[in-house]
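[1] sequence first, then the predicted structure:
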Amino acid sequence: METAVRAENLHKVYPGGVHALRGLSFTVFDGEIYGLVGPNGSGKTTTLRILATLLRPTSGKVLIYNIDVLSEPAKVRSLIAYLPEDAGVYRRLKGIEIIELFAKTRFKSSRDREAFIDEAARLSGLSWEELERPAGGYSKGMKRRLLLAITLALRPRLLILDEPTSGLDVMQSMRMRRMILRYNREHNITVLLSSHNMLEVEFLCNRVGIIYGGRLLAEGSPRELKEKFSAENLEQVFEKITGGVNA
Ligand SMILES: Nc1ncnc2c1ncn2[C@@H]1O[C@H](COP(=O)(O)OP(=O)(O)OP(=O)(O)O)[C@@H](O)[C@H]1O
């Protein structure tokens, strides 16, 4: 099976001395949806930012589709799309203008640009009237839908999602999860996501890595983890491993 992500022995010490990652290693295979779960401050965002080429680890190595993230970040960026948890929109731009901006930066031919714009606009679920309004006036759910639609329509080989549905209501979250699943299956987009929501992780992920204190404490499919820890659901697995610290 082809390897999408190989993270080896990652350490990150922030200026000021916080040791956020302490020898984190994990592998994501091509075509899978892999979930990193862990309590607040366990190092999820730090890990995703390193993979997205936005932060350098203190030591360790990361390969994305066999390309070294530290020595060839531009090549890696052409393969990935990253949606941060707190991703904002350009408030003065209309929704459609934001989509057009991404089209310009990513695609050379006007045909590819137009196909991308149509796909992202449709996927966002926003009406044409809404897309013609400045995005600063969108609700949190509308902004998140727009940004996820853009990242999916970019059709990266690897999509990195930090807390994809955080702050969204049940219906919006379900819609987002279905979109992620559909693009993973139909367009073979590998997904690495972080989440606090165990239901979400169980619904979406082929494999899960439980991270705590900057280390990987357990890894496996939701079913394997439940069997191994004699648990009925992933919340119980998590509780047994971490001693009940909130996810
Ligand atoms: N820029 C920074 N400077 C200093 N310390 C930081 C910085 N960013 C994160 N940290 C610290 O590193 C540790 C890991 O943080 P990180 O954001 O990676 O965790 P997380 O698992 O994503 O948490 P959450 O679930 O709350 O988003 C925490 O102790 C955090 O306070």
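    Arrived safely, thanks for sending. Numbers count the residues shown, from 1 in each chain.
[2] how distant is the least confident helix or strand in the chain by mean pLDDT from the center of its chain?
    Least confident helix or strand of the chain, by mean pLDDT, DSSP states H and E, is helix 234-242 with a mean of 87. Centre-to-centre, helix 234-242 and its host chain are 22 Å apart (CA atoms, centre = their mean, to the nearest Å).
[3] what about that helix, near the ligand?
    No. Helix 234-242 lies apart from the ligand when judged by CB under 6 Å from any ligand atom; the minimum separation is 12.2 Å. In this view, the C-beta of every residue, glycine as well, is placed from N, C-alpha and C.
[4] show me what that helix is packed against.
    helix 198-204, strand 207-212, strand 215-220, helix 222-228 (3 or more CB pairs under 8 Å, 6 or more residues apart in numbering; DSSP states H and E).
[5] single out the most deeply packed of the ones you listed.
    Of all these, strand 207-212 has the most neighbours on average by mean count of other CB atoms under 10 Å, namely a mean of 23.
[6] quick one: mean pLDDT for that one?
    For strand 207-212, the mean per-residue pLDDT is 95.
[7] angle of that strand against strand 215-220?
    Counting by axes from the mean of the first three to the mean of the last three CA atoms, to 10 degrees, strand 207-212 points 160 degrees away from the direction of strand 215-220.
[8] could you dump strand 207-212 to PDB, C-alpha only?
    Taking C-alpha atoms only, strand 207-212 is exported to PDB below (Å, rounded to 0.1, in the frame of the first residue of the first chain):
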ATOM      1  CA  ARG A 207      -7.800   4.300  11.400                       C
ATOM      2  CA  VAL A 208      -7.300   6.400  14.500                       C
ATOM      3  CA  GLY A 209      -4.200   7.600  16.300                       C
ATOM      4  CA  ILE A 210      -4.700   8.600  20.000                       C
ATOM      5  CA  ILE A 211      -2.200  11.300  20.900                       C
ATOM      6  CA  TYR A 212      -1.500  12.400  24.400                       C
END
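[9] near the ligand at all, it?
    No. On the criterion CB under 6 Å from any ligand atom, strand 207-212 is out of touch with the ligand, staying 7.0 Å away.
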